[in-house]
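Asker: task: produce atomic coordinates for the following.
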Amino acid sequence: MKRDTRIAHAGSHPEQQHGLVNPAVYRGSTVIFPTHEAYQRSRRHRYEMVSYGRAGTPTTMAFEEAMAELNGGHRSIAMSSGLAAVTAPLLAFLSAGDHVLVSDSVYGPSRVFCSKMLSRFGVEVTYYDPTIGAGIVDLLRPETRVIYCESPGSHTFEVQDMPAIAAAAAAHPGPSGPVRVVLDNTWATALGFPAFERGVDVIVEAATKYIVGHSDAMLGVVTVRSEEDFLAVKRAAEAVGNCPGAEETYLGLRGLRTLAVRLKQIQANALAVARWLQDQPRVARVMYPPLPEDPGHALWRRDFTGASGLMGIVLDQSYEPDAIAAFLDGLALFGLGSSWGGYESLVLPFEPPKGRTATEWTEASPTLRFHVGLEDPEDLIADLAAGFERLAAA
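Answerer: Model prediction:
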């Protein structure tokens, strides 16, 4: 079946739900077993059957089945948030004395976890230039266990050469085992970047964003290629008590059904807004890989099959805080908020230099991140045009 057909039906078993199309929202912790033998069987096969609420319910398992099929993976593991999905593989694969390579452009909370938590547990963290590509081989050590990537990078949208990074990792098995390539694929999802086909070992997604799609639930998901990695990540997640709620998992499964049609429209809207932004005199640069002028466009065109609605801009000069506030505060359709991936458009000011150590951000002008949603792009452009007028006046 084609991809869009699989999205519509993956994880759906009406014959198990009295003919209902969607699974029920199973709210539960305790599971009662009819016999001692049945209980013991549940302990032996705790990840294949319902054994305890934290290990998973039929709702959880339906969502995980669908996500594994969408990504072309062995199994998926639902998490309570995107950050939880980030931390579980790192906890699973890293121990004291190990070394991890982390892209310098990763999501801020991911960086905090690596810098503040992993280092406390005796794991050495090295940040690398996201444009390093095959050059990452020079940073690999015998004790390197994980390369943690995010492409495009948060806020600044650098596209990484994932096949080259994966090839370097595969050619460098350390004494403690293989070097696993973990990718945060939230920006593109499986529809825009087939990560396993590009050599990635573990996919991390903040399902809060495009999977849920309606800004009304916190959810994460990890998808792996092997049973070994599934058991490692699942056990790590359970060890720290990580599990998603019943309602959130259901909302993730419901949002997944419309993911393809939503992303198709969001990408079209985003391209229209991005091209308009390129022509604005107060915009020095638009950071959006689908644009031919973007530094990462060649890699995006080679490796990606689609895009999303998240982009950034660098303004043409320094502006006083009151001028930036005049631009932002008067926007009618772009909400000022930290998340993205829903149906609505958002904007957020950010400061890239504060989150970098391996690379230098040389732009002195203010930067803004936009998420383009499902509104009519002409209305979004009119809203931004009025904002630039306020910026100029201020």
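Asker: grab the most central residue of the chain for me.
Answerer: T186 (2.2 Å; CA atoms, centre = their mean).
Asker: isn't that residue right up against L219?
Answerer: No - with contact defined as CB atoms under 8 Å, T186 does not count as touching L219 (11.4 Å). All C-beta atoms are positioned from the backbone trio N, CA, C, and that covers glycine.
Asker: now do the shared contacts for these two.
Answerer: G82, A206 (CB atoms under 8 Å, 6 or more residues apart in numbering).
Asker: just the pLDDT at the closest residue to P290 other than its chain neighbours, thanks.
Answerer: Spatial nearest neighbour of P290, chain neighbours left out: A307 (4.7 Å); criterion: CB to CB, 6 or more residues apart in numbering. Looking at A307, its pLDDT reads 97.
Asker: same check on T126?
Answerer: 97.
Asker: likewise for the one 4 residues further on?
Answerer: For P130, the pLDDT comes out at 97.
Asker: and it, how close does it get to E247?
Answerer: Look at P130 and E247: by CB to CB, to the nearest Å, they are 36 Å apart.
Asker: repeat that for R390.
Answerer: Separation of R390 from E247 (CB to CB) stands at 40 Å.
Asker: domain assignment for the protein?
Answerer: Domain segmentation of the chain under automatic domain parsing yields 3-256, 259-393.
Asker: returning to that earlier point: which one's more surrounded, P130 and E247?
Answerer: Neighbour count, other CB atoms under 10 Å: between P130 and E247, P130 has more, with 26 against 14.
Asker: that one against V102, yeah?
Answerer: No - the criterion here is CB under 8 Å, and P130 misses it with V102 at 10.0 Å.
Asker: joint contacts of the two?
Answerer: Joint contacts of P130 and V102 (CB under 8 Å, 6+ apart) do not exist.
Asker: distance from the chain centre to stretch 65-78, please.
Answerer: Centre-to-centre, stretch 65-78 and its host chain are 15 Å apart (CA atoms, centre = their mean, to the nearest Å).
Asker: flag every buried residue along that stretch.
Answerer: Buried residues in stretch 65-78, counted by 16 or more other CB atoms under 10 Å: 65-73, 75-78.
Asker: pLDDT added to those, as a markdown table?
Answerer: Conversion of the buried residues of stretch 65-78 to a markdown table gives the following (pLDDT from 0 to 100):
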| residue | pLDDT |
| --- | --- |
| E65 | 94 |
| A66 | 94 |
| M67 | 97 |
| A68 | 96 |
| E69 | 95 |
| L70 | 95 |
| N71 | 96 |
| G72 | 95 |
| G73 | 96 |
| R75 | 97 |
| S76 | 97 |
| I77 | 97 |
| A78 | 97 |
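Asker: which members of those residues are the farthest-apart pair?
Answerer: G72 and A78 (17.6 Å; CB to CB).
Asker: pretty sure D322 sits against R390.
Answerer: No - at 10.6 Å, D322 and R390 do not qualify as touching, with contact defined as CB under 8 Å.
Asker: which of these two has more neighbours?
Answerer: Each of D322 and R390 has its neighbours counted (other CB under 10 Å); R390 has more, 16 against 9.
Asker: that one contacts L328, doesn't it?
Answerer: No - R390 sits out of contact with L328 when judged by CB under 8 Å, with a separation of 9.1 Å.
Asker: what residue ranges in the protein score low on pLDDT?
Answerer: 18 (pLDDT under 70).
Asker: quick one: the strands in it?
Answerer: In the chain, the segments counted as strands under DSSP state E are 75-79, 99-103, 124-128, 144-150, 180-184, 202-205, 220-224, 283-287, 310-315, 334-336, 345-350, 367-371.
Asker: TSV for the buried residues of stretch 65-78, including distance to R198?
Answerer: Formatted as TSV, those follow (distance: CB to CB, whole Å):
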residue	distance to R198
E65	23
A66	21
M67	18
A68	17
E69	18
L70	16
N71	12
G72	11
G73	13
R75	19
S76	18
I77	21
A78	24
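Asker: may I have the beta-bridge partners of the nearest residue to V106 once chain neighbours are set aside?
Answerer: Nearest non-adjacent residue to V106, counting by CB to CB, 6+ apart: E150, 4.6 Å away. Note on E150: beta-bridge partners by DSSP bridges are D184.
Asker: ok, E150 - contacts?
Answerer: Applying CB under 8 Å, 6+ apart, we find E150 in contact with S103, S105, V106, Y107, S110, P130, Q160, L183, D184, W187.
Asker: please verify my assumption that M287 contacts M311.
Answerer: Yes - counting by CB under 8 Å, M287 does reach M311; the two are 6.0 Å apart.
Asker: what sits in contact with each of those two?
Answerer: Shared contacts of M287 and M311, defined by CB under 8 Å, 6+ apart, comprise F157.
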